[in-house]
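Enquirer: Model the following, please.
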Amino acid sequence: MLFMMIVKASNHSEAGNLPSSELREAMTKYNEELIKAGVRVMAKGLHPSSNGLRLSFLRPGEIPVVTEGPFPETNELIAGFILIDVASKEEAIEWAMRMPDPQGHGEGQIELRQVY
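Expert: As a prediction, the model looks like this:
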């Protein structure tokens, strides 16, 4: 079963602030554990929304409206993701619970979603 651990954005990630060296080390260790267990498919961080675009499909059949970032609502944004292949939802939850605070400022939030 494929699950995506979606790391939600924060004010720090949107400002382009890189994680501390301690958090980078903790995340590297966590990713190494995922790889050793054979469950990690892919993991990537994303640039801040100031480097992004949003396409809004306002009317069926019409060309979407393109809006350049940054986007103000950080709670709606993604800072990165880890795609894992596990045997069950419970195993996916176990791996998500082991992830260090991805923002390192007590702002971390992970959304866990199964992939079709």
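Enquirer: Residues touching the helix ranked longest in the chain, excluding its own?
Expert: As assigned by DSSP state H, the longest helix anywhere in the chain is helix 21-36. By Cβ atoms under 8 Å, 6 or more residues apart in numbering, the residues outside helix 21-36 that reach it are 18-19, 40, 43, 82, 84, 95, 98-102, 104. From N, CA and C alone the C-beta is placed, and that goes for glycine too.
Enquirer: Now intersect those residues with the strands, please.
Expert: R40, A43, I82, I84 (DSSP state E).
Enquirer: H105: what's it in contact with?
Expert: Here H105 is in contact with S10, H12 (criterion: Cβ under 8 Å, 6+ apart).
Enquirer: Check it and give its pLDDT.
Expert: Per-residue confidence (pLDDT) for H105: 77.
Enquirer: now it: how far from I63?
Expert: Using Cβ to Cβ, to the nearest Å, H105 is found at 40 Å from I63.
Enquirer: and what of S21?
Expert: To I63, S21 is 45 Å away according to Cβ to Cβ.
Enquirer: try V41
Expert: Distance of V41 to I63, given as Cβ to Cβ: 34 Å.
Enquirer: Residues contacting the least confident helix or strand in the chain by mean pLDDT, please?
Expert: Ranked by mean pLDDT, DSSP states H and E, the helix or strand of the chain with the weakest confidence is helix 11-14, at a mean of 88. Helix 11-14 has contacts (Cβ under 8 Å, 6+ apart) with P48, S49, S50, P70, T74, L77, A79, Q103, G104, H105, E107.
Enquirer: If we use 7 Å, what do you get?
Expert: Outside helix 11-14, the residues within contact range by Cβ atoms under 7 Å, 6 or more residues apart in numbering are P48, S49, P70, T74, L77, A79, Q103, H105, E107.
Enquirer: Dump those residues into CSV; add secondary structure and distance to N31 as well.
Expert: Formatted as CSV, those follow (DSSP: H, G, I helix; E, B strand; the rest coil; distance: Cβ to Cβ, whole Å):
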residue, secondary structure, distance to N31
P48, coil, 21
S49, helix, 24
P70, coil, 27
T74, helix, 24
L77, coil, 22
A79, strand, 15
Q103, coil, 16
H105, coil, 20
E107, coil, 20
